[in-house]
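In: Can you look at this prediction? I've put the sequence above it.
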Amino acid sequence: MTLSDELLMAYDRQLRTDAETLGAIGVERLGPLRLVTFAGGSGFVTYQDLDGASARTISHWVAEALAFFREDPAIDRVEWKTRGHDHAPGLHGALLDNGFEPDETESVMIGPAHSLNVDVPLPASACGG
């Protein structure tokens, strides 16, 4: 296993759990999905992994998750968090088919902390010179 694989596994294990939904007023489960409600009318869907689900199963979960949030009149927006390293066949299409619109791509940088402890030459203008 590569360092990249190990870091992605650590990210999935540590951050795609309760840590990602702090402050939630409700969390329900739908298969591996976490259907999260936040104050202020916000719904949020996340998961640690999709357990090898097929495109058909994933499409069904998308529709069920939306139905769950539509039952709550306080919810006026729903975000479905996806990650580029996930195995999620058909998820992107199912989300688009159900009215979701993609936001800008976000990035998370992970790596060994010791790699940040290096001397970096600064340009003269940054040193006041």
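Out: Okay, I see it. Numbering: from 1, shown residues only.

In: Report the contact partners of P123.
Out: Contacts here follow CB atoms under 8 Å, 6 or more residues apart in numbering; on that basis P123 touches nothing. In short, each C-beta sits where N, CA and C put it, glycine included.

In: wait, A94
Out: 55, 58-59, 62-63.

In: In helices, which of those residues fall?
Out: 55, 58-59, 62-63 (DSSP state H).

In: so what's A63 closest to, chain neighbours aside?
Out: In this structure, A63 finds its nearest non-sequential neighbour in N98, 6.3 Å apart by CB to CB, 6 or more residues apart in numbering.

In: The one you found and L66 touch, don't they?
Out: Yes. Proximity of N98 to L66 meets the contact threshold set by CB atoms under 8 Å, at 5.6 Å.

In: Between those two, point out the one with more neighbours.
Out: More crowded of N98 and L66, by other CB atoms under 10 Å: L66, with 19 against 15.

In: Need the residues that contact the host helix or strand of the more buried one.
Out: Under DSSP states H and E, the secondary-structure element containing L66 is helix 55-70. Contact with helix 55-70 is made by 28, 30-31, 33, 35, 37, 43, 45, 50, 53, 75, 78, 80, 88-91, 93-95, 97-99, as judged by CB under 8 Å, 6+ apart.

In: Could I have the CA atoms of it written out in PDB?
Out: Extracted C-alpha coordinates of helix 55-70, given in PDB (Å, rounded to 0.1, in the frame of the first residue of the first chain):
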ATOM      1  CA  ALA A  55     -25.300   2.200 -10.000                       C
ATOM      2  CA  ARG A  56     -28.900   1.000  -9.600                       C
ATOM      3  CA  THR A  57     -28.700   0.900  -5.800                       C
ATOM      4  CA  ILE A  58     -26.900   4.300  -5.700                       C
ATOM      5  CA  SER A  59     -29.600   5.800  -7.900                       C
ATOM      6  CA  HIS A  60     -32.300   4.400  -5.600                       C
ATOM      7  CA  TRP A  61     -30.500   5.900  -2.600                       C
ATOM      8  CA  VAL A  62     -30.300   9.400  -4.200                       C
ATOM      9  CA  ALA A  63     -34.100   9.400  -4.800                       C
ATOM     10  CA  GLU A  64     -34.800   8.100  -1.200                       C
ATOM     11  CA  ALA A  65     -32.500  10.700   0.300                       C
ATOM     12  CA  LEU A  66     -34.200  13.500  -1.500                       C
ATOM     13  CA  ALA A  67     -37.600  12.200  -0.500                       C
ATOM     14  CA  PHE A  68     -36.400  12.100   3.100                       C
ATOM     15  CA  PHE A  69     -35.400  15.800   3.000                       C
ATOM     16  CA  ARG A  70     -38.600  16.800   1.100                       C
END
